[in-house]
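Asker: I would like to see how this sequence folds:
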Amino acid sequence: MTAPLKAIDGNADLTILMTDLAAKARAAARVLALAPPEQKNRALQAIERAIRDHAPAILAANAEDVAEARAGGIAPAFLDRLTLTRARVDSMADGVLAVREIPDPVGAVTESWQRPNGMTIERVRVPLGVIGVIFESRPNVAADAGVLCLKSGNSVILRGGSDSFRSCRAIHDCLVLGLRAAGLPEAAITLVPTRDRAAVGLMLSGLSGGIDVIVPRGGKSLVARVEAEARVPVFAHLEGVNHVYVDASANLEMAKSIVLNAKMRRTGVCGAAETLLVDRAGAATSLKPLVEMLIDAGCQVRGDDAVQKVDPRVTPATADDWDTEYLDAVIAARVVDGVEDAIAHIHDHGSRHTDSIVAENSNTAEKFLNEVDSAIVLHNASTQFADGGEFGFGAEIGIATGKFHARGPVGAEQLTSFKYRVRGTGQTRP
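Answerer: The predicted structure is shown next:
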């Protein structure tokens, strides 16, 4: 099923290759920007069918990636992110259908008004152009990013991690089949056909105007490099140093359920909780059960003095633990003096990604929701809901933690900009 690569690592002039890919993506973007919703939806439906029909090939390619990664000693949490199962492939296909069903954002008029001189002005959504997506480990990002960019009328250049190289190729083949079935240019969804790390640097350069926006999806080192080197705008997706604060008013059974899910459902995703904060006023009844639950579930707890006292299995937390995204079965825990102290801790140590409060006191909950300056703030819900699919976006291209253009899950609508259309009847400016 997988077509031969156009370039093999080290055997091509990479600059020429990447520039050519960008030029073709730019030409495809012009076609895609004008494609009617029905045509894009036909492509999405064909992509969904292709993913299901070619699931065995996707899983076989992924098995090779996993075997290579395991032999290289990859951490368990990253191995989980890399691994595909039939259920995860089916979920990928379900996500394509969900994107197909959301309203097409392109051409939507968000505001309109008439000026005293009779001119009418409207603001309308338009595609961004060519989006470069650089991601690590999770091969499903290739499908999520590809279909979201397609829905929003953008071309996309995908550069997956070396560890998911074969998986991404197999998934990309399905995306191309869908484009072909709908009569759309295959260059609308391009996969960089080489593991050469220099390709990342070339994408960050903008490829002579060939890329309009970069979206990094990976660890702290990747995002830091993108933000330091990019010569085009970036949708910042910083690490998820996420917190769950258990207030004194919390229902203990609810708190246990939320904390366990937030930390242990999938430890390697960006929405996983990394720090547990417990209100001192309720610690006598809630702290020990929460800590014991986590440890018994296989989670290492690193705590302050108060947390260490409730269970001898707790190890001392260091200053670095409060700022660490573990992406593993490890959590930092401390006792705080109420919601004010919890908010202050999150302000000082959080990454503005996702934070949750468990509380029955509605005033306390509203204070937390209003004052915690993160892209996603939850009340009585797990941080693992930090996901575009769970927000009804169908899928996401990442969680943007910056404050410009898009913030939180980046779905199809967030992958558009806008322009103003002005209609007159011969008006001139005095």
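Asker: residue 267: neighbouring residues, count only.
Answerer: 21 (other Cβ atoms under 10 Å). In this view, the C-beta of every residue, glycine as well, is placed from N, C-alpha and C.
Asker: who's in contact with it?
Answerer: Neighbouring residues of residue 267 by Cβ atoms under 8 Å, 6 or more residues apart in numbering: 77, 80, 326, 327, 328, 329.
Asker: for it, grab phi and psi.
Answerer: phi -70, psi -20 (degrees, to the nearest 10).
Asker: which one is residue 104 nearest to, not counting chain neighbours?
Answerer: Once flanking residues are discounted, residue 104 sits nearest to residue 37: 4.0 Å by Cβ to Cβ, 6 or more residues apart in numbering.
Asker: for the chain, longest helix please?
Answerer: Longest helix in the chain, counting residues (DSSP state H): helix 14-34.
Asker: going by neighbour count, list what's buried in that one.
Answerer: By neighbour count on 16 or more other Cβ atoms under 10 Å, the buried set for helix 14-34 is 14, 17-18, 21-26, 28-29, 31-33.
Asker: and those residues, which is closest to residue 180?
Answerer: Of all the buried residues of helix 14-34, the one with the least separation from residue 180 (Cβ to Cβ) is residue 28, at 12.5 Å.
Asker: pretty sure that closest one contacts residue 176?
Answerer: No - contact status for residue 28 versus residue 176: not in contact, 11.8 Å apart, counting by Cβ atoms under 8 Å.
Asker: okay, and the common contacts of those two?
Answerer: Residues touching both residue 28 and residue 176 (Cβ under 8 Å, 6+ apart) are residue 186.
Asker: counting by contacts, list what the longest helix of the chain packs against.
Answerer: In this structure, helix 14-34 packs against strand 120-127, strand 130-135, strand 155-159, strand 189-191, helix 198-204, with contacts taken as 3 or more Cβ pairs under 8 Å, 6 or more residues apart in numbering; DSSP states H and E.
Asker: who does the fourth one touch, helix- and strand-wise?
Answerer: This points to strand 189-191. Partner elements for strand 189-191 (3+ Cβ pairs under 8 Å, 6+ apart): helix 14-34, helix 140-151, strand 155-159, helix 165-181.
Asker: picking that back up, nearest to residue 146, out of the helices and strands packed on helix 14-34?
Answerer: Evaluated over the helices and strands packed on helix 14-34, closeness to residue 146 peaks at strand 189-191, with 4.4 Å, by Cβ to Cβ.
Asker: who's in contact with the closest one?
Answerer: For strand 189-191, contacts defined as Cβ under 8 Å, 6+ apart pick out 21, 24-25, 142, 146, 149-150, 155-160, 168-169, 172, 175-176, 179.
Asker: can you pick the most crowded of the contacts of residue 267?
Answerer: residue 327 (24 neighbours).
Asker: and it, what pLDDT?
Answerer: Predicted confidence (pLDDT) for residue 327: 89.
Asker: begin at 36, not 1, for the rest of this chat.
Answerer: Will do, 36 is the new start, and the previous item becomes residue 362.
Asker: just checking, it touches residue 307?
Answerer: Yes - using Cβ under 8 Å, residue 362 is in contact with residue 307, at 6.8 Å.
Asker: that older thread, would CSV of the helices and strands packed on helix 49-69 with mean neighbour count be doable?
Answerer: CSV is the format used below for the helices and strands packed on helix 49-69 (neighbours: other Cβ atoms under 10 Å):
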stretch, mean neighbour count
strand 155-162, 17
strand 165-170, 27
strand 190-194, 27
strand 224-226, 25
helix 233-239, 19
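Asker: can I get those in a markdown table with mean pLDDT and distance to residue 87?
Answerer: As requested, the helices and strands packed on helix 49-69 are exported to a markdown table (pLDDT from 0 to 100; distance: least, Cβ to Cβ, whole Å):
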| stretch | mean pLDDT | distance to residue 87 |
| --- | --- | --- |
| strand 155-162 | 95 | 28 |
| strand 165-170 | 95 | 23 |
| strand 190-194 | 98 | 21 |
| strand 224-226 | 98 | 18 |
| helix 233-239 | 95 | 30 |
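Asker: residue 428 is nearest to which of these?
Answerer: Per Cβ to Cβ, nearest to residue 428 of the helices and strands packed on helix 49-69: strand 155-162, 14.9 Å.
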